[in-house]
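Trainee: what's the 3D shape of this:
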Amino acid sequence: MALQVEHELHGRRRGLNRGLGLILIGLVALVFVLTIVKILSLGDIAELESFDHVARPQIIPEQEGQPW
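Mentor: Model (predicted):
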């Protein structure tokens, strides 16, 4: 015979935990949506390649008159 009496404090904590869980899920969803929107708004992936802090000659536009 197990005791199944639940105190009203447990019910309030459960409600607060659900609320906090919904807030955290909402925050994760917001960050995910903002990331997707930013990626889709780039248009050309070459814009994203220029931000990796590495000098790569293939992404530098060629200028006329340069020997290389």
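Trainee: ranges for the helices of the protein?
Mentor: Counting by DSSP state H, the chain has helices at residues 8-42, 45-49.
Trainee: Kindly report which one of those carries the lowest mean pLDDT.
Mentor: Per-stretch mean pLDDT for the helices of the chain is lowest at helix 45-49 (a mean of 60).
Trainee: hmm, back to that, just send the helices of the chain back as a markdown table, with distance to P57 too.
Mentor: No exception for glycine: its C-beta is placed from N, CA and C like everyone else's. Shown next, in a markdown table, are the helices of the chain (distance: least, C-beta to C-beta, whole Å):
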| stretch | distance to P57 |
| --- | --- |
| helix 8-42 | 22 |
| helix 45-49 | 12 |
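Trainee: Could you dump those helices into TSV and include mean neighbour count?
Mentor: Formatted as TSV, the helices of the chain follow (neighbours: other C-beta atoms under 10 Å):
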stretch	mean neighbour count
helix 8-42	10
helix 45-49	10
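Trainee: Let me see the backbone angles for H7.
Mentor: phi -80, psi 150 (degrees, to the nearest 10).
Trainee: What distance do you get for it to F32?
Mentor: Distance of H7 to F32, given as C-beta to C-beta, to the nearest Å: 37 Å.
Trainee: what do you get for I23?
Mentor: According to C-beta to C-beta, I23 and F32 sit 15 Å apart.
Trainee: Then G21?
Mentor: From G21 to F32 the distance is 16 Å (C-beta to C-beta).
Trainee: cool, S41 as well?
Mentor: Taking C-beta to C-beta, one finds S41 at 15 Å from F32.
Trainee: And for R14?
Mentor: 27 Å.
Trainee: repeat for R13
Mentor: 28 Å.
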